[in-house]
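In: Dropping a prediction and its sequence here:
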Amino acid sequence: MGFVTYEKDGYVGIITINRPEALNALNVQVLKDLEAVIDGISLNDTRAIIVTGAGQKSFVAGADIGAMSNMSVQEAREFGTFGNEIFLKLEMLPIPTIAAVNGFALGGGNELAMSCDIRYCSENAVFGQPEVGLGITPGFGGTQRLVRLIGVGKAKEMIYSAKNIKADEAFRVGLVNGVCTQEELMPTVMKLAKRIADNAPIAVRNCKCAITDGFLNDMDHAVSIEEKYFSECFETEDQREGMKAFLEKRKVEQFHNR
Ligand code: CO8
């Protein structure tokens, strides 16, 4: 795939935005390549996904400013819709996703990271929504996901001021779950991804669906969504084996995704 590579390490898929000459900025082709990779991911052999950027300087430095500079209102709308569709697809993918933020995560880059379930970053990472300094608003979900992740007040300050924050501040406000050296970043997220992949895959996927669907609903409806995903686990071999192993005081050798 041209601007997006996809590799597998066991049950873990690694998506890399690969346009380092433009700090992995997102143009239409990058988004199309990302969509093609997401569409190709199989629940049969993938249990966790890592999303990162090529190189050691940038995760994604935003949407491509050159490509956007002459857009009409209609073209901008279409570009925003396209990006939103793909980021939603990533967010709704039932497999857990971890962003390994290896540098700049600005504008669309921060929005891509926020479309993942979990974020870890390197010490050199920089996060921000610089759009108002370019005369636009965030357009790939930033006004919505940042609020949900770090709260209304902090999100409004970041978005209105266009002020970037460094890794330690991103950790303090809860935008990332942890900060590592550049060298430690991929081993750290890979260890987490493999730990996730060791668990019963259908149960993990149902957890993601329950959290994602439930979050959009009031508590009454949200707990009924959980009931559905919880009870569905009882038709799986992995539930029977997981509980049998506990009762027999042994470890599950391997879950079978059935
Ligand atoms: N778009 C296009 N090219 C970029 C981008 C970008 N977002 N970011 C970096 N590049 C390019 C540079 O133009 C440069 O190319 P060249 O070598 O050909 O001149 C190359 O990458 C290297 O960049 P710099 O020389 O600028 O590297 P520095 O280390 O000096 O600076 C920065 C790094 C601070 C990251 C700087 O490049 C920068 O500020 N980039 C722009 C960051 C930004 O403002 N991002 C937000 C963009 S807007 C957005 O994402 C909106 C998303 C929703 C869109 C919805 C539309 C409808």
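Out: Structure received.

In: count of residues packed around residue 140?
Out: Using other Cβ atoms under 10 Å, residue 140 has 29 other residues around it. The C-beta positions use only the backbone N, C-alpha and C, and glycine is treated the same way.

In: who in the chain is up against the ligand?
Out: By the rule Cβ under 6 Å from any ligand atom, the part of the chain lying against the ligand is 22-23, 25, 61-66, 68, 76, 79-80, 83, 104, 106-108, 130-131, 134, 138-140.

In: Show only the entries of those found in strands.
Out: When DSSP state E defines the strands, the subset of the residues of the chain next to the ligand inside them is 104, 106.

In: Give me the buried subset of the residues of the chain next to the ligand.
Out: 22-23, 25, 61-64, 68, 79-80, 83, 104, 106-108, 130-131, 138-140 (16 or more other Cβ atoms under 10 Å).

In: thought residue 15 was touching residue 50?
Out: Yes: counting by Cβ atoms under 8 Å, residue 50 is a contact partner of residue 15 at 7.0 Å.

In: Residue 165 bridge partners, please.
Out: Under DSSP bridges, the beta-bridge partners of residue 165 are residue 127.

In: Helices along the stretch 1-150 of the chain, start to end?
Out: For the stretch 1-150 of the chain, the helices defined by DSSP state H, counting those that start in this stretch occupy 28-39, 65-68, 73-92, 108-114, 142-150.

In: For the fourth one, which outside residues touch it?
Out: This points to helix 108-114. Residues from elsewhere that reach helix 108-114 (Cβ atoms under 8 Å, 6 or more residues apart in numbering): 17, 24-26, 51, 53, 58-63, 83, 87, 90, 99, 101, 105, 119, 127-129, 138-142, 145-146, 149, 175.

In: next one: the second one
Out: Contact partners of helix 65-68, identified using Cβ under 8 Å, 6+ apart, comprise 25, 27-28, 76, 79, 134, 136.

In: on that earlier part again, of the contacts of helix 108-114, just the buried ones, ChimeraX syntax please.
Out: The buried residues among those can be selected in ChimeraX (16+ other Cβ under 10 Å) with this line:
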select :17,24,25,26,51,53,58,59,60,61,62,63,83,87,90,99,101,105,119,127,128,129,138,139,140,141,142,145,146,149,175
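
In: do you know how far the most centrally placed residue in the chain is from the ligand?
Out: Centroid-nearest residue in the chain, with Cα atoms, centre = their mean: residue 116, separated by 1.3 Å. Separation of residue 116 from the ligand (Cβ to the nearest ligand atom, to the nearest Å): 16 Å.
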